[in-house]
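Participant: predicted model and sequence follow; I will ask about them next.
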Amino acid sequence: MSAAKEPIVVSSDDGSEDFDSDDEHEPPFDDEQDAASKAASASSASGGRAHADVYKHIKERPNGMFECTPCHNKNEKQVWRNRSTSNFRKHLIKHHSAIYTPQDPTQTTLRHHGFKGQPGKRKTMSSNDFTIADKTLADRVLSNWIVNHAQPFTVVEHAEFVEFCSTLRGSYSLPTRNTLRNRVIQQWTDEKNRARVTIEDECGTRRSGTTSDMWTSAAKRGYMVVTLHYIDDKWCMRSVIIAFKRVL
């Protein structure tokens with residue numbers, strides 16, 4: 001008596017078995033459901049073109065399984081038992097963002113920060129109209145958001161954030177966390193030099209005062225800040241932070 005064959009177990013990105021995918025199941029082999037499956041495939045042919053970018057990097061094997069081509073090229077194995085466009089896309093975004101960017105042909109052009117269109121009209125985005133100036137502005141806005149909301153530099157590597165940015169502007173390439181860190185440090189240096197010049201120009205011949213404040217953060221860390229105050233030529237009160245230190 002021959003032993004029963006063990007089922008093939010294919011791991012997905014999250015480590016779970018990929019037998020029971022909720023995205024798509026192979027239909028039973030009866031005439032009625034097979035006909036329904038063919039009809040559904042025909043009706044979604046136009047929608048499938050929107051996901052053609054995924055299948056540039058996913059290859060279907062003769063045994064009906066699906067393999068990631070970039071992983072195969074690196075002598076790594078990533079296969080799926082069932083067809084699942086969403087799982088394929090998540091894998092490509094997470095592991096191959098350098099060569100894959102989700103594309104949505106129905107996405108419209110943003111009309112803000114240089115992405116201007118004619119009022120009342122919508123048009124399809126094109127990667128050709130994303131200029132260097134747009135890239136510079138987008139990077140600066142991203143850096144300001146990171147600083148003002150104390151976001152980690154690794155946020156630019158989160159799969160959901162990458163997908164969100166690609167949805168807004170598919171041709172925008174996010175900076176790496178190291179590039180972002182260097183950019184924020186440079187931004188801090190520029191602001192410090194600008195503040196020094198302002199103080200030298202506007203406080204050299206007038207009186208000024210300083211205040212200090214100390215507080216403890218939720219993480220039980222103590223901080224102290226020193227602020228310079230003065231009145232400018234237009235009789236407006238100005239304040240400049242000249243020191244910010246952790247003391248505990």
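Facilitator: Sure, I can see it.
Participant: next, count neighbours for Val156.
Facilitator: If you count neighbours by other C-beta atoms under 10 Å, Val156 ends up with 19. Bear in mind the C-beta positions are built from the backbone N, C-alpha and C, glycine included.
Participant: no wait, Phe244
Facilitator: 10.
Participant: just want the phi and psi numbers for it.
Facilitator: Dihedral pair for Phe244: phi -150, psi 110, per degrees, to the nearest 10.
Participant: just the one 3 residues further on next, same as before
Facilitator: When quoted as degrees, to the nearest 10, the phi and psi of Val247 stand at phi -110, psi -10.
Participant: could you pull up the contacting residues of it?
Facilitator: Neighbouring residues of Val247 by C-beta atoms under 8 Å, 6 or more residues apart in numbering: Met214, Gly222, Tyr223, Met224.
Participant: apply 6 Å and report the result again.
Facilitator: Residues near Val247 by C-beta atoms under 6 Å, 6 or more residues apart in numbering: Gly222, Met224.
Participant: ditto for Phe244
Facilitator: Going by C-beta under 6 Å, 6+ apart, Phe244 touches Val225.
Participant: now do 10 Å
Facilitator: By C-beta atoms under 10 Å, 6 or more residues apart in numbering, the contact list for Phe244 reads Tyr223, Met224, Val225, Val226, Thr227.
Participant: please report how far it lies from Ser171.
Facilitator: From Phe244 across to Ser171, the span is 38 Å (C-beta to C-beta, to the nearest Å).
Participant: how about Asn193?
Facilitator: Relative to Ser171, and taking C-beta to C-beta, Asn193 is found at 33 Å.
Participant: just to revisit the earlier point, any chance of TSV for the contacts of Phe244, columns distance to Glu60, secondary structure and pLDDT?
Facilitator: As requested, these are arranged in TSV below (distance: C-beta to C-beta, whole Å; DSSP: H, G, I helix; E, B strand; the rest coil; pLDDT from 0 to 100):
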residue	distance to Glu60	secondary structure	pLDDT
Tyr223	57	strand	93
Met224	62	strand	95
Val225	60	strand	94
Val226	65	strand	94
Thr227	64	strand	94
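Participant: counting by contacts, list what the helix ranked longest in the chain packs against.
Facilitator: Ordering each helix of the chain by length in residues (DSSP state H) puts helix 177-202 first. In terms of contacts (3 or more C-beta pairs under 10 Å, 6 or more residues apart in numbering; DSSP states H and E), helix 177-202 is packed against helix 132-148, strand 222-231, strand 237-246.
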